[in-house]
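Trainee: Generate coordinates for the sequence data below:
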Amino acid sequence: MQGFTRSFRYRRSIALLALLLVADLATTRLVLATGGVELNPFTAPHTATLAGHLLYLAPLWGALFVAATGAAAWCDTRIPDSGLLVWVPICILYAVPVVHNLLVIWGLF
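Mentor: From the prediction side, this is the model:
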């Protein structure tokens, strides 16, 4: 039973990252709808439609969740409870575009 419980120990981190990814997508779509441009050169060709944007991002998001969860679990095998530290830089990295997009929407940037 402990293995089952341990596999879900990062549910808050996963939920936070999922929230940030959805917020990034939503705020990016809002910026694009108001005449803004996509600054990410890899994503820009796929942002013409919501479906294209999602089809491009979904595999990347899936790989991110799998890799981060695996890295966090591996870290926990080396140093107990250290796996949480894997999520901190990832969540910070994905919070930056959300903040930037909000500043653009509010006309501050």
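
Trainee: check which helix or strand covers the residue lying closest to A23 once chain neighbours are set aside.
Mentor: In space, A23 comes closest to V98 once its chain neighbours are excluded; the distance is 4.7 Å by CB to CB, 6 or more residues apart in numbering. Just so you know, the C-beta spots here come from the backbone N, C-alpha and C atoms, and that holds for glycine as well. Per DSSP states H and E: V98 is located in helix 84-105.

Trainee: Repeat that for T69.
Mentor: Going by DSSP H and E, T69 is in helix 50-78.

Trainee: Give the buried residues for that helix.
Mentor: 53, 57, 61, 64-65, 68-69, 72, 75-76 (16 or more other CB atoms under 10 Å).

Trainee: How about stretch 30-41?
Mentor: 31-32, 38.

Trainee: go on, stretch 88-103?
Mentor: For stretch 88-103, by 16+ other CB under 10 Å, it's 90, 94-95, 97-98, 100-101.

Trainee: Using CSV, lay out those residues together with distance to T47 and pLDDT.
Mentor: Putting the buried residues of stretch 88-103 into CSV (distance: CB to CB, whole Å; pLDDT from 0 to 100) gives the following:
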residue, distance to T47, pLDDT
I90, 22, 95
Y94, 17, 95
A95, 20, 97
P97, 13, 95
V98, 16, 97
H100, 15, 95
N101, 13, 95
